[in-house]
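S.K.: model the structure of this input:
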Amino acid sequence: MSKVKNLQGEGVRQLNRSYILKQIREQGPITKIALANYLSLTFAAVSNIVADLVKLNVIKEVGYGESEGGRPPVLYDMNWNSIHVIAVDIGVEHISAAEIDLKARVIEETTVDTQGAPLIERVYTVIDQLLERRTNDSVKIAGIGVSAPGPIDARDGRMLTPPNMEGVSNIDIKYLLEDRYGLTTVLEKDANASALAEQWFGHVTTDEDILYIFNDVGLGGGLIINARVHRGFGNGAGEIGHMAIDIDGPRCNCGNFGCLEALSSGIAIQRRVKEEIRRGYPTTLEEAFVRNEKALTIDLIINHAKQGDQLAKHILDEAGRYLGLGVANAINLFAPDQVIFGGSVTVLYPEMIKIAEHVAKQRTFSPFSERITFAQSKFHKQSNLVGAAAVIQQRLFDYPEGAFFLKVDRVVLSTSVH
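M.R.: Numbers count the residues shown, from 1 in each chain. Modelled structure (predicted):
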C-alpha cells in the first residue's frame, strides 16, 4: 500500500515539475514565491523542484526581484543556451537534420537525398554529419525528435508504410537511433510535429485548438486539441489527405480513389499538368515536359503560374478549391480555433490558402466559421524540423527529470553513407 502512495506522490511531483518549468518558460524571470502563488503550491514544494531544475541546468538564477521587507528574492529563468535538441525531418525527397535550441533557433543544418541507400542509413548520415560539425560540446543534447510521413506507430517509434515512400516499411526509428546514439528519441507524424511547432514557437496559445494542413509532395493533417496532439485510434487522426472528396476521382497512392491527396497535393498537381500536356493543352511547361518529365517539379509549375501560364494557374487554383472542401469537412468535425497551412505547395503558392479559405467558409456549416483564423505556417520550409524539435521539447518539459543528455564518449560514429 505504501508503494502505491509513493508512486502517486512521485507522479504529483513530476506533474508539478512540468507546471513549474512551463511557467518559467512563459513568465520568466520569476521568483519562487510568484510560482507558488500562481500554481497554488507550497513554497517548500516549489523550492525543492526549482533546486532540482537548477541542478539539471535547465533553469538558472538571473538576478533579484524587488524586496518586500526582507532579502530580495532570487529570479529564475530558462537557461536557453544550455540545452539543444537534434531534429530530423524525413521527407519523400530529402532527409534533413538540425541542431536547434530551446527558442527554435537553428544552430546547424544538413540535408541528403532520401534515395540512394536504405532510409535508416540516410538518417544516420545526416545525424553523423551534424554531430561531426558540433563546436560546443558543453551544450547538452536533450534528445532526437523525428518527423516522418504517416502512418506511424508513435508509441513504439516505428515508421509503418508511408504511401509515397516506396520500399519503406516497419522501420524501428526510435530503437535504432537510441541504440546508436544513446539519446532519447521520439517519432512523430510530420503534420503533428508541425502543429506542435506552431503551438510551442508560433502564435498559437495553449487554449486554442488547431488544424494543421501539411501540403507537400503528399498531403496530411495534424490536430492539437486541449494543448495536446489528438491521435485517435492507432494514431490515425488527422489524415485529411485520405478523406474521400470525389467518389469517381483518381486513384491515390494509398489505394483508394478520390482522396484529397490525389486531388490537391504536389503529386496530384504534377500528375494533372502532365495529363493536360499530353492532351495538347498549350503551356509554357511543354518544353520542360518533352525534355524530361521529371523536370516538372512543383517548384517549376508554381514558377510558371506566377509568370502567367494559364494551365499551371488553373490546376493550382483547382487544387486549392479541393483543399478548401477538405478543410470545410474537417472544420465541421472538429471546429478548431485556427487552420494553419504548411508544406512546400502553400509556401511557394500562398494564393492557395486564400482559395481554400474562401471555399471552406462557404462550405462550413458552423455559424462560428467566420471567427476561425486561417494562416500560413510561421516556419515555412522548416516547419517539420522545428516540429521535430518541439516534440523533444514537449518531452523535456513534461518529464524534465527523465531527460538523457548527450555524453560525447558514448556516441560512436560509423562510416557515413554519402
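
S.K.: can we go C-alpha only for contacts and neighbour counts from here?
M.R.: Noted.

S.K.: stretch 249-261 spans what distance, first to last residue?
M.R.: 11 Å (CA to CA, to the nearest Å).

S.K.: how about residues contacting it?
M.R.: The contact list for stretch 249-261 (CA atoms under 8 Å, 6 or more residues apart in numbering) reads 163-164, 218-220, 240-248, 262-263, 267-268, 322-323, 326.

S.K.: again, only using 6 Å
M.R.: Contact with stretch 249-261 is made by 163, 219, 241-247, 262, as judged by CA atoms under 6 Å, 6 or more residues apart in numbering.

S.K.: tell me which of those residues fall in strands.
M.R.: Mapping the contacts of stretch 249-261 onto strands (DSSP state E) picks out Leu219.

S.K.: now the contacts of stretch 249-261 as TSV including pLDDT?
M.R.: Below are these laid out as TSV (pLDDT from 0 to 100):
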residue	pLDDT
Pro163	87
Leu219	95
Gly241	93
His242	94
Met243	94
Ala244	94
Ile245	94
Asp246	93
Ile247	92
Ala262	96
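
S.K.: now restrict the contacts of stretch 249-261 to buried residues only.
M.R.: 163, 219, 241-245, 262 (16 or more other CA atoms under 10 Å).

S.K.: quick one: which of the contacts of stretch 249-261 sit in helices?
M.R.: Ala262 (DSSP state H).

S.K.: I'd like the contacts of stretch 249-261 as CSV, with distance to Val92 appended.
M.R.: Formatted as CSV, these follow (distance: CA to CA, whole Å):
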residue, distance to Val92
Pro163, 10
Leu219, 12
Gly241, 15
His242, 17
Met243, 20
Ala244, 22
Ile245, 24
Asp246, 25
Ile247, 27
Ala262, 16
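
S.K.: quick check: the farthest pair among the buried ones among the contacts of stretch 249-261?
M.R.: For those, the maximum inter-member distance is 18.1 Å, found between Pro163 and Ile245 (CA to CA).

S.K.: buried stuff in stretch 272-279?
M.R.: Quick answer for stretch 272-279 (16+ other CA under 10 Å): 272-274, 276-277.

S.K.: going by residue numbers, what spans are helices in the stretch 51-200 of the chain?
M.R.: With DSSP state H, counting those that start in this stretch, the ranges of helices along the stretch 51-200 of the chain come out as 119-132, 173-181, 190-201.

S.K.: ah, wrong one, I meant the stretch 301-418 of the chain
M.R.: Going by DSSP H, counting those that start in this stretch, the stretch 301-418 of the chain shows helices at 310-334, 344-348, 351-363, 383-398.

S.K.: list the residues that contact Ala227.
M.R.: Thr206.

S.K.: from Ala195, how far off is it?
M.R.: As judged by CA to CA, Ala227 and Ala195 stand 10 Å apart.

S.K.: roughly how far apart are Asn16 and Ser40?
M.R.: 10 Å.

S.K.: those two: who's more crowded?
M.R.: Under the criterion of other CA atoms under 10 Å, the comparison of Asn16 against Ser40 puts Asn16 first, with 18 against 10.

S.K.: now whatever helix or strand that one lives in: average pLDDT?
M.R.: Assigned by DSSP states H and E, Asn16 falls within helix 2-27. For helix 2-27, mean pLDDT rounds to 68.

S.K.: and whatever helix or strand comes next after that helix, how far out from the chain middle?
M.R.: Scanning forward in sequence from helix 2-27 by DSSP H and E, the next helix or strand is strand 30-31. Relative to the chain's own centre, strand 30-31 is displaced by 31 Å; criterion: CA atoms, centre = their mean, to the nearest Å.

S.K.: just checking: what are the partner strands of strand 30-31?
M.R.: strand 74-78 (antiparallel) (DSSP bridges).
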